[in-house]
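Trainee: turn this into a structure:
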Amino acid sequence: MGLHRKIFLALAIAIVGISFVFILLTHLTVKGSIEAGIKETRGKEITNLTKELTTFFINHNHSWENIEQLKVLENIHQDDPEILVMDRQHHVILKKGDAPNKLVQYLGIKHELTIEHERAGEFFYYDPEIANFNKIMIGIPISVVILLIGCGSLLIIISLIIAYRLSKWIAAPLRILLPMIDRLGKGELGIQAPVQTKDEYGKIAEAFNHMSKELEQAEMVRRNLTADVAHELRTPLSIISGKLDVLQYQGQMIKPEALLPLQDELIRLNQLVEDLRILSLAEAGKLELKKIPTNMLDLAYQLLSAIGPLAEEKGISMKIDNQTNDPIICVDPDRMKQVFLNLLTNAIRYTPNYGTIFFRLMEEDPHYLKVTVEDTGIGIEKEHLSHLFDRFYRTDDARTRYSGGTGLGLAIAKQYVLSHDGIIEVKSMVNQGTSFIIQLPNDISKIEKINNGQ
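Mentor: Modelled structure (predicted):
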């Protein structure tokens, strides 16, 4: 059964059930009110008759014998009063009045006679006014029920029509979304469902569209990764294969210096495989980190000292800007060295001669240390920024793997930062420079525990 039918069935049952309960309660309320009014108008007479009859029964040793001699209606000041008394076996033992017994029973007031919690009999009191009241009591509830059934049926029909339309309206967005989900399950990635509302259904459609786009992007990344890995592996393997073919065709003793190009390609090949392994571990959250309290200012001086000669070749000035009182944070120094070496090397590569590179340490947030690698280089075009940390991504397709690297450096740098629960972002303007901004958690309490040997 579809959702539309389930909703309609539930609403229909609720509407019919509520209507039935309303009609029943109204009938019982009207009937109870009329009965209470009738008993109230003849309460005094009923009390007096009950007292006389029970007194007679007790005085005659719990027997109704000779009750016909009891002048039970002498104290009743109503027009043409009548009474019908029955014993425990519902046999008539006393009748005062000319009205038929069935009429007295049907239109009179019934009252049971109970003595010491034991039923002794019952009587029916009747007079013309009470008969009229009981006729009204019978007619009004029936009329009310008929009226309620008629009006209720009309309201039920209207409510069922509304419930049908409402259930159809509620289920309509899902009927649109379900075929889209089926198509996505069959591999039609990137499919988009129409977003027609801004309510919860609209949010579900937006979430579906986002998921579909993400799946399409993930599939594209997977395919590109396979192609990129094949391309990156093919180049060194082709070089190695060509060199070996040449050496084989020469038919001469291989000189040691002839093996150097092969060794270079093997080193690059091993480095590529190692980078892929490290990147996979980092993305899976299985990368082991050896976090220790590290002075990031000292680390900056070590890095600049290590790559200083590369900068000097191009006349690039490298400056450290420390704006923190305590640059010590808890990180894995070896991993962070790789991150900053990659960023600084890229900065040197893409900064023109006599440019400037800044290594800034700032503490804008007490819980984070902000590290910025800023250059005055050629910058990066806006359309490349969102893909800069993708595997094998190069902003310039014309660059070879020798001038531009394997394209894994920034992807690995990002994963290292994320492994430290940090944040990395990039800002750049063409011909003005690029800034890589890294924020690393500054867990002071953890560092103090480490320093105290806890």
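Trainee: ramachandran coordinates for N48?
Mentor: The phi and psi values for N48, taken as degrees, to the nearest 10, are phi -60, psi -40.
Trainee: residue boundaries of the strands in this structure?
Mentor: Using DSSP state E, the strands of the chain run over 82-86, 92-96, 109-115, 118-126, 292-295, 317-323, 328-331, 356-365, 368-375, 423-429, 433-441.
Trainee: could I get the ones you listed in a markdown table, plus columns for mean pLDDT, distance to E219 and mean neighbour count?
Mentor: Every residue, glycine included, has its C-beta placed from N, CA and C. Shown next, in a markdown table, are the strands of the chain (pLDDT from 0 to 100; distance: least, C-beta to C-beta, whole Å; neighbours: other C-beta atoms under 10 Å):
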| stretch | mean pLDDT | distance to E219 | mean neighbour count |
| --- | --- | --- | --- |
| strand 82-86 | 90 | 91 | 22 |
| strand 92-96 | 88 | 95 | 16 |
| strand 109-115 | 86 | 84 | 16 |
| strand 118-126 | 89 | 86 | 19 |
| strand 292-295 | 92 | 39 | 15 |
| strand 317-323 | 93 | 42 | 14 |
| strand 328-331 | 92 | 35 | 22 |
| strand 356-365 | 91 | 37 | 17 |
| strand 368-375 | 94 | 33 | 22 |
| strand 423-429 | 93 | 25 | 16 |
| strand 433-441 | 93 | 29 | 21 |
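Trainee: can you add distance to D182 and give these back as TSV?
Mentor: Listed next are the strands of the chain as TSV, based on distance: least, C-beta to C-beta, whole Å:
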stretch	distance to D182
strand 82-86	76
strand 92-96	79
strand 109-115	69
strand 118-126	73
strand 292-295	53
strand 317-323	57
strand 328-331	48
strand 356-365	47
strand 368-375	45
strand 423-429	39
strand 433-441	43
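Trainee: L408: which of those strands is closest?
Mentor: strand 423-429 (15.1 Å; C-beta to C-beta).
Trainee: who does that closest one touch, helix- and strand-wise?
Mentor: helix 409-419, strand 433-441 (3 or more C-beta pairs under 8 Å, 6 or more residues apart in numbering; DSSP states H and E).
Trainee: show me what contacts P173?
Mentor: 196-197, 201-202, 204-205 (C-beta atoms under 8 Å, 6 or more residues apart in numbering).
Trainee: who wins on neighbours among the residues you listed?
Mentor: A205 (20 neighbours; other C-beta atoms under 10 Å).
Trainee: you'd agree that one is up against P194?
Mentor: Yes. When contacts are counted by C-beta atoms under 8 Å, A205 is listed as touching P194 (7.1 Å).
Trainee: can you say which of the strands of the chain is nearest to N59?
Mentor: Closest approach to N59 among the strands of the chain (C-beta to C-beta): strand 109-115, 11.6 Å.
Trainee: ranges for the helices of the chain?
Mentor: Applying DSSP state H to the chain gives helices spanning 3-41, 43-59, 101-107, 128-185, 200-250, 260-283, 296-313, 333-349, 382-385, 401-404, 409-419, 444-451.
Trainee: can I get the second one in PDB, CA atoms only?
Mentor: Coordinates of each C-alpha in helix 43-59 appear next as PDB, following Å, rounded to 0.1, in the frame of the first residue of the first chain:
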ATOM      1  CA  GLY A  43     -38.200  13.600  43.200                       C
ATOM      2  CA  LYS A  44     -40.400  14.300  46.200                       C
ATOM      3  CA  GLU A  45     -43.200  12.000  45.100                       C
ATOM      4  CA  ILE A  46     -40.700   9.200  44.300                       C
ATOM      5  CA  THR A  47     -39.100   9.500  47.800                       C
ATOM      6  CA  ASN A  48     -42.500   9.400  49.600                       C
ATOM      7  CA  LEU A  49     -43.600   6.300  47.600                       C
ATOM      8  CA  THR A  50     -40.400   4.600  48.300                       C
ATOM      9  CA  LYS A  51     -40.700   5.300  52.000                       C
ATOM     10  CA  GLU A  52     -44.200   4.000  52.200                       C
ATOM     11  CA  LEU A  53     -43.600   0.800  50.300                       C
ATOM     12  CA  THR A  54     -40.400  -0.100  52.100                       C
ATOM     13  CA  THR A  55     -42.000   0.500  55.500                       C
ATOM     14  CA  PHE A  56     -44.900  -1.700  54.500                       C
ATOM     15  CA  PHE A  57     -42.500  -4.500  53.400                       C
ATOM     16  CA  ILE A  58     -40.500  -4.400  56.600                       C
ATOM     17  CA  ASN A  59     -43.600  -4.200  58.900                       C
END
